[in-house]
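> coords please:
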Amino acid sequence: MIEEAIILSGGLGTRLRDTVPGIPKTLAPVGGSPFLKYVIDFLILNGVKHFVFSLGFKHELISQYINIQFPYLNCTTSVEKEPLGTGGAIFNSLKACKDENIFIVNGDTLFKIDLSSLSHFHLKNEAACTLSLKYMKDINRYGVVEMDSSSTITGFKEKAKYPNGLINGGVYALNIPRFKQAVFPEKFSFETEYLEKYIGNQKIMGLVQDAYFIDIGIPEDFEKANRELGNHT
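Numbering: from 1, shown residues only. Just a heads-up that it's a prediction; the model follows:
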C-alpha cells in the first residue's frame, strides 16, 4: 500500500483572486474550513502516513495553518522559489519523498476515490504512473482521457465541449524511479511534458472510479463546494 503523498499547493489561484483575495487557493474557506483540510482529512482516512506539501505563493500561510491545525502530521514542505509548473513542483518535491511509489494530489481538488484500490492497481501492473479517472457528462472544463481495453492511456483530447467521457481526476500514483528516467526542463507541466509526451514510452495507466469530485479552481465551483461539502460524506 502506498503511504506517501505530495499535495500540490503552490498555485497562484488567479481565477479565484477576486473571490478569496490575499490567500492561497487551497486555504479558500469551504463549509467553514480551508479547502486543504478536506484534502488532508481524506488522505489520512485512506492511510497516508507521510505528507509532502509542495508550496509556492504565500507558502508561509499554509505552513502556519498545517502547524497549528495538524501539529501531529508527519510532513515535509517543499517551497518553490519561483513557479516551476506542476511537473517542476513534483520533481522538486521528490527530494522529500522516502518511498518508490507515491500519491500525487492537487490541493484545490477533492476526488474521494478508494486510494487502496488505486495503490493495488498501480503496484500490480507495475505502472510508471496511474491516473484516477472519472466518467462525466457534458464536459466543458476538462480534457478527455482515452484508454484502451487493458486500461493503458492512449491519448488526451484538448479541453472542449464533449457530451461525455473520462476526465483526469487529478489523483495519481507515481513510480519515482521510472518518472526520473524521463528528461525534463526545470520548469514543466506534468500533464503535457510527462503524461502526454511519454504515453508511448512509459506504462501510463488509468483506473476509473465513480466517487465525489469537486475542483474549486473557478468561482462557480468554489460556490458549489461550499454548498455541498458541509453535507457530503
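> longest strand in this protein, by residue count?
strand 162-175 (DSSP state E).
> packing partners for that one?
strand 101-106, strand 109-111, helix 115-124, strand 129-139, strand 144-147 (3 or more CB pairs under 8 Å, 6 or more residues apart in numbering; DSSP states H and E). For the C-beta atoms, the positions are set from N, CA and C on the backbone; glycine is no exception.
> of those, which is nearest Ser33?
Comparison of the helices and strands packed on strand 162-175 against Ser33 by CB to CB identifies strand 109-111 as nearest, at 12.0 Å.
> parallel or antiparallel, which strands does that closest one pair with?
When pairing is defined by DSSP bridges, strand 109-111 lines up against strand 213-215 (antiparallel).
> average pLDDT across the next helix-or-strand element following the partner strand?
Going down the chain from strand 213-215, the next helix or strand is helix 219-228, by DSSP states H and E. The average pLDDT for helix 219-228 rounds to 91.
> cool, stretch 145-163 as well?
92.
> quick one: contacts of that stretch?
Applying CB atoms under 8 Å, 6 or more residues apart in numbering, the contact partners of stretch 145-163 are 121, 125, 131, 133, 137-144, 165-168, 191, 195-196, 199, 203-207.
> next one: stretch 52-69
With CB under 8 Å, 6+ apart as the contact definition, stretch 52-69 has outside contacts at 4-13, 22-24, 26-27, 34, 36-37, 73, 75-80, 83, 89-90, 92-93, 96-97, 102, 107.
> make it 6 Å
Here stretch 52-69 makes contact (CB atoms under 6 Å, 6 or more residues apart in numbering) with 6-10, 12, 24, 76-80, 89, 93, 96.
> just the buried ones from the residues you listed, in ChimeraX syntax?
Applying 16 or more other CB atoms under 10 Å to the contacts of stretch 52-69 leaves a buried subset, and the ChimeraX line that selects it is:
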select :6,7,8,9,10,24,76,77,78,79,80,89,93,96
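> buried residues in the helix or strand following the longest strand of the chain?
Reading on from strand 162-175 to the C-terminus, the next helix or strand found by DSSP H and E is helix 176-181. Burial within helix 176-181, assessed by neighbour count using 16+ other CB under 10 Å, is assigned to 176, 178-179.
> send the alpha carbons of helix 176-181 over as CSV?
Extracted as CSV, the C-alpha positions of helix 176-181 are listed here (Å, rounded to 0.1, in the frame of the first residue of the first chain):
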residue,chain,number,x,y,z
ILE,A,176,9.6,7.7,-8.8
PRO,A,177,12.5,5.8,-10.4
ARG,A,178,10.5,5.5,-13.7
PHE,A,179,9.5,9.1,-13.6
LYS,A,180,13.1,10.2,-13.2
GLN,A,181,14.1,8.2,-16.3
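> beyond that helix, next helix or strand please.
helix 197-198.
> which residues touch that next one?
Ala182.
> one more time with 10 Å
128-129, 153, 178-179, 181-184, 188-189, 191, 204 (CB atoms under 10 Å, 6 or more residues apart in numbering).
> before we move on, the earlier item: narrow the contacts of stretch 52-69 to those in strands?
Per DSSP E, the subset of the contacts of stretch 52-69 in strands is 6-9, 76-79.
> can you put these in JSON lines and add distance to Ile44 and pLDDT?
Output for the ones in strands among the contacts of stretch 52-69, formatted as JSON lines (distance: CB to CB, whole Å; pLDDT from 0 to 100):
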{"residue": "Ile6", "distance to Ile44": "15", "pLDDT": "98"}
{"residue": "Ile7", "distance to Ile44": "12", "pLDDT": "98"}
{"residue": "Leu8", "distance to Ile44": "18", "pLDDT": "97"}
{"residue": "Ser9", "distance to Ile44": "16", "pLDDT": "94"}
{"residue": "Thr76", "distance to Ile44": "16", "pLDDT": "97"}
{"residue": "Thr77", "distance to Ile44": "17", "pLDDT": "97"}
{"residue": "Ser78", "distance to Ile44": "19", "pLDDT": "97"}
{"residue": "Val79", "distance to Ile44": "23", "pLDDT": "95"}
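> alright, calling it a day.
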